[in-house]
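Visitor: Next come a sequence and a model predicted from it.
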Amino acid sequence: YLYLLANAYPTLPVVVTTFLSPVSVMALRRATMPSLPGRPQHLDGAKTLDDRINLIKLLSWEERDEQNFYRAATNSFFLAGLGCWIAWVPWAWRQEDYFSSKLEAVAQDRGAQ
């Protein structure tokens, strides 16, 4: 269906990428989010060994969570770019003659003025 709109909206790949990239970041982020460990009962003064271990687990979870976010963002933008290539490069390849004739017509109009 998007191929039918490409003649009327040649900037559609940019619009699709702009709107689908954040959605794909959120979806991949949700899929790769690590499970939250148990919180220590006393954050201000972790006195027991269990509280200290839970605090270290929480800190390492935050680092894994940050790493997963950047991994999800990288993968989603890569997939969005790959999707644009798969959808729009073949269309542009098939329309090359049409684009060339339009470009020549515009150049002739500018030369005539």
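Guide: It's in. Numbers count the residues shown, from 1 in each chain.
Visitor: from here on, contacts and neighbour counts on C-alpha atoms
Guide: Will do.
Visitor: Report the rounded mean pLDDT for the lengthiest helix in the chain.
Guide: With DSSP state H setting the assignment, residue counts place helix 49-94 as the longest helix in the chain. Average pLDDT, helix 49-94: 80.
Visitor: Does it pack against any helices or strands, and if so which?
Guide: If you count contacts as 3 or more C-alpha pairs under 8 Å, 6 or more residues apart in numbering; DSSP states H and E, helix 49-94 packs onto helix 12-32.
Visitor: Next, the angle helix 49-94 makes with the helix it packs on.
Guide: 160 degrees (axes from the mean of the first three to the mean of the last three C-alpha atoms, to 10 degrees).
Visitor: what about helix 12-32, distance to the chain center?
Guide: Distance, stretch centre to chain centre, for helix 12-32: 4 Å (C-alpha atoms, centre = their mean, to the nearest Å).
Visitor: And it, what does it pack against?
Guide: Helix 12-32 packs on helix 49-94, going by 3+ C-alpha pairs under 8 Å, 6+ apart.
Visitor: Can you dump the C-alpha atoms of the very next helix or strand once past the helix it packs on in PDB for me?
Guide: Sequence-wise, the next helix or strand downstream of helix 49-94 (DSSP states H and E) is helix 96-112. What follows is helix 96-112, C-alpha atoms only, in PDB (Å, rounded to 0.1, in the frame of the first residue of the first chain):
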ATOM      1  CA  GLU A  96      14.500   6.000 -12.000                       C
ATOM      2  CA  ASP A  97      13.400   6.800 -15.500                       C
ATOM      3  CA  TYR A  98      10.400   8.700 -14.300                       C
ATOM      4  CA  PHE A  99      12.500  10.800 -11.900                       C
ATOM      5  CA  SER A 100      15.100  11.500 -14.600                       C
ATOM      6  CA  SER A 101      12.400  12.800 -17.000                       C
ATOM      7  CA  LYS A 102      10.900  15.000 -14.300                       C
ATOM      8  CA  LEU A 103      14.400  16.400 -13.400                       C
ATOM      9  CA  GLU A 104      15.100  17.100 -17.100                       C
ATOM     10  CA  ALA A 105      11.700  18.900 -17.400                       C
ATOM     11  CA  VAL A 106      12.400  21.100 -14.400                       C
ATOM     12  CA  ALA A 107      15.900  21.900 -15.800                       C
ATOM     13  CA  GLN A 108      14.400  22.800 -19.100                       C
ATOM     14  CA  ASP A 109      11.700  25.000 -17.500                       C
ATOM     15  CA  ARG A 110      14.400  26.900 -15.500                       C
ATOM     16  CA  GLY A 111      16.500  27.300 -18.600                       C
ATOM     17  CA  ALA A 112      13.500  28.700 -20.600                       C
END
